[in-house]
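Asker: Curious how this folds, go ahead:
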Amino acid sequence: MAKYSEEFKLQLVNEYLNGCLGYDLLAKKYKPLASSKIRRWVRAFKAFGIEGLKKKMKKQFYSVQFKLDVLNFMKQTGASYQSTAIHFKLNNPNLIATWYSKFSKEGVEGLERVKGRPSMSKKSKTTTKKTEKTMSREEQLERENELLRLEVAYLKKLKAFRENPNAFLEKYKQSSHLNSKQKDLD
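Answerer: The predicted structure is shown next:
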């Protein structure tokens, strides 16, 4: 369950947009609330309307490449987490902060991991150890090869962006626009 209801968020956003109180005064009025949270809700409401205030019920999964694109965009443009989230139509800027933290600490492999708690059964522990040991040399090389492909693709995009940022961003806007139309058709 969400800590704050959609109605409460909408009430605060409307109070900010229609009233004379700023973020800090609203935060004081609703004591334990931080002004940064209100600011985030207002920006999400302005960008996405009422949908920006809703908590998503279905868990969304993002590819490693998408995460790298988001982080690369943020780094190259100097955009904030909130601005980047709005640009990529993400409802939660904290998600990008988590990706950034994992990428900084662990690299691309940190973005591949699935969140969650490992199983408690003893069988799974032994099977994971066995699969690691039985992973053939060929499979290890294939895994390493895939990671290197991801790294090369990232570096190529980074190089293209550095050479001509405007053309790269324009190309990216067009491809993301086409991707969003494909998602709508699904």
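
Asker: the domain parsing of the chain - what is it?
Answerer: Domains of the chain are assigned by automatic domain parsing as 6-53, 64-113+136-185.

Asker: Serialize those to a markdown table and add fields for mean neighbour count and mean pLDDT.
Answerer: The C-beta positions use only the backbone N, C-alpha and C, and glycine is treated the same way. Listed next are those as a markdown table, based on neighbours: other C-beta atoms under 10 Å; pLDDT from 0 to 100:
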| stretch | mean neighbour count | mean pLDDT |
| --- | --- | --- |
| domain 6-53 | 15 | 80 |
| domain 64-113+136-185 | 14 | 80 |
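
Asker: for the helix of greatest length in the chain, the distance to its chain's centre please.
Answerer: In the chain, taking DSSP state H as the definition, the longest helix is helix 137-163. Relative to the chain's own centre, helix 137-163 is displaced by 21 Å; criterion: C-alpha atoms, centre = their mean, to the nearest Å.

Asker: what does stretch 93-105 give?
Answerer: With C-alpha atoms, centre = their mean, you get 8 Å for stretch 93-105.

Asker: what distance separates the start and the end of stretch 23-37?
Answerer: 9 Å (C-alpha to C-alpha, to the nearest Å).

Asker: how close does residue 80 sit to residue 40?
Answerer: According to C-beta to C-beta, to the nearest Å, residue 80 and residue 40 sit 10 Å apart.

Asker: shared neighbours of the two, which are they?
Answerer: Residues touching both residue 80 and residue 40 (C-beta atoms under 8 Å, 6 or more residues apart in numbering) are residue 93.

Asker: can you give me the helices for this structure?
Answerer: Counting by DSSP H, the chain has helices at residues 6-18, 23-29, 35-48, 64-77, 81-87, 93-106, 108-112, 122-134, 137-163, 165-185.

Asker: Against which helices or strands is the shortest one packed?
Answerer: If you count contacts as 3 or more C-beta pairs under 8 Å, 6 or more residues apart in numbering; DSSP states H and E, helix 108-112 packs onto helix 64-77, helix 93-106, helix 137-163.

Asker: got a markdown table for the helices of the chain, with distance to residue 54 too?
Answerer: As requested, the helices of the chain are exported to a markdown table (distance: least, C-beta to C-beta, whole Å):
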| stretch | distance to residue 54 |
| --- | --- |
| helix 6-18 | 6 |
| helix 23-29 | 20 |
| helix 35-48 | 9 |
| helix 64-77 | 21 |
| helix 81-87 | 15 |
| helix 93-106 | 15 |
| helix 108-112 | 26 |
| helix 122-134 | 36 |
| helix 137-163 | 32 |
| helix 165-185 | 18 |
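
Asker: looking at these, which is closest to residue 55?
Answerer: Evaluated with C-beta to C-beta, those place helix 6-18 nearest to residue 55, the distance being 7.6 Å.

Asker: can you give me the angle the closest one makes with helix 35-48?
Answerer: Calculated by axes from the mean of the first three to the mean of the last three C-alpha atoms, to 10 degrees, helix 6-18 forms an angle of 90 degrees with helix 35-48.
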